[in-house]
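Chemist: Build me a model:
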Amino acid sequence: MNEREYIVYLAEVEIVVINHKIQTSVTSVEWHHFEGSSYTVSKVTYSWNNSLQYCESIGASLTRISSLEENQFVHSLFPKGREHMWIGLNRQKTEGVWEWTMKPCNFDFRYWDDDTSTYLPKYKKCARMVITGKWMGSVCNSWNLVAVCEKESIELHMRAVKNTMGQLVCMNPDALAELTITSKQTRSLIECLQYCVAVGRCNAFQVQQTSDGMMCHVLEYGGDITECLESRGCNLYVMV
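Modeler: Numbers count the residues shown, from 1 in each chain. Alright, predicted model coming up:
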């Protein structure tokens, strides 16, 4: 294959390139799949807040449990020797209102141990799953536990555009202005890809490094774009 094909696994925060791998974050993660989502349990223990940061660092969030069947699946992930795992349910944002970190955050399913949510002290604002599969409230930063992370199973493909000499290229300013749907300052290539997908009509995007990160231009085009290309310190990617 002459053209480099990038396969971007959003939730693993990893860019895989044909014949070699470019790591952008933690990639040694074992994912388990259930009904359109993928789950992993951290090998290291964290506070609840740090658990959320860990999950986000691998493109996921603390798990959101919406049914008894999903709860049973998450319970099956308990590592040997562990008796507690952080889940994404918490009431740190609004006093007395339990919400999930994943969107939508207001699923009604609950699996409290003896309905402990009705008399939990106000300072217990984060939920953990115990070895029985039930949930209990905890002080968010007083326990260090393993975290259950969840991501939606999304796999997207994009290809970096090159010229006949094999150089990475991008659109010239006139073509860029004509074909750009919208632009946004992003922190990474993956964030730009996510932005492209969110826009909906995007079938290509162009990135250029700036002092604040990366400028992402979301594009919609049709037909041949080879005449619009030049090499000037930016990169064009097309969805494949």
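
Chemist: Can you give me the pLDDT of the residue nearest in space to the middle of the chain?
Modeler: Nearest to the geometric centre of the chain sits G59, at 2.8 Å (C-alpha atoms, centre = their mean). On pLDDT, G59 comes in at 81.

Chemist: measure it to T40 for me?
Modeler: 11 Å (C-beta to C-beta, to the nearest Å). Glycine gets a C-beta too; all of them are placed from N, C-alpha and C.

Chemist: Is L236 bridged to anything, and to what?
Modeler: Taking DSSP bridges as the rule, L236 bridges to Q206.

Chemist: In this protein, where is pLDDT below threshold?
Modeler: The model of the chain has pLDDT under 70 over residues 1-28, 104-107, 115-119, 153-157, 223.

Chemist: Could you rerun that using 50?
Modeler: Applying pLDDT under 50 to the chain flags residues 1-27.

Chemist: And it, split by domain according to the record?
Modeler: As assigned by automatic domain parsing, the chain contains the domains 32-152, 157-239.

Chemist: Would you mind measuring the gap between the ends of the longest one?
Modeler: Between the opening and closing residues of domain 32-152 lies a distance of 12 Å (C-alpha to C-alpha, to the nearest Å).

Chemist: quick one on the thing from earlier: right, and the residue nearest to the centre of the chain touches E150 too?
Modeler: No. G59 sits out of contact with E150 when judged by C-beta atoms under 8 Å, with a separation of 10.6 Å.

Chemist: For this structure, just list every one of the helices.
Modeler: Assigned by DSSP state H, the chain shows helices spanning 48-57, 68-75, 173-179, 189-199.

Chemist: got the buried residues for the last one?
Modeler: Buried residues in helix 189-199, counted by 16 or more other C-beta atoms under 10 Å: L189, I190, E191, C192, L193, Q194, Y195, C196.

Chemist: other SSEs contacting that helix?
Modeler: strand 5-9, strand 155-160, strand 180-186, strand 204-210, strand 213-219 (3 or more C-beta pairs under 8 Å, 6 or more residues apart in numbering; DSSP states H and E).

Chemist: Need those in JSON lines (columns: distance to T132).
Modeler: Formatted as JSON lines, those follow (distance: least, C-beta to C-beta, whole Å):
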{"stretch": "strand 5-9", "distance to T132": "33"}
{"stretch": "strand 155-160", "distance to T132": "35"}
{"stretch": "strand 180-186", "distance to T132": "43"}
{"stretch": "strand 204-210", "distance to T132": "47"}
{"stretch": "strand 213-219", "distance to T132": "45"}
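
Chemist: Would you reformat these as JSON lines and include mean neighbour count and distance to V29?
Modeler: Below are the helices and strands packed on helix 189-199 laid out as JSON lines (neighbours: other C-beta atoms under 10 Å; distance: least, C-beta to C-beta, whole Å):
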{"stretch": "strand 5-9", "mean neighbour count": "17", "distance to V29": "10"}
{"stretch": "strand 155-160", "mean neighbour count": "15", "distance to V29": "15"}
{"stretch": "strand 180-186", "mean neighbour count": "15", "distance to V29": "23"}
{"stretch": "strand 204-210", "mean neighbour count": "18", "distance to V29": "25"}
{"stretch": "strand 213-219", "mean neighbour count": "21", "distance to V29": "24"}
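
Chemist: Nearest to S67, out of these?
Modeler: strand 155-160 (24.2 Å; C-beta to C-beta).

Chemist: Centre of the chain to stretch 85-97, how far?
Modeler: 20 Å (C-alpha atoms, centre = their mean, to the nearest Å).

Chemist: In that stretch, which residues are buried?
Modeler: In stretch 85-97, counting by 16+ other C-beta under 10 Å, buried: M85, W86, I87, G88, L89, N90, R91.
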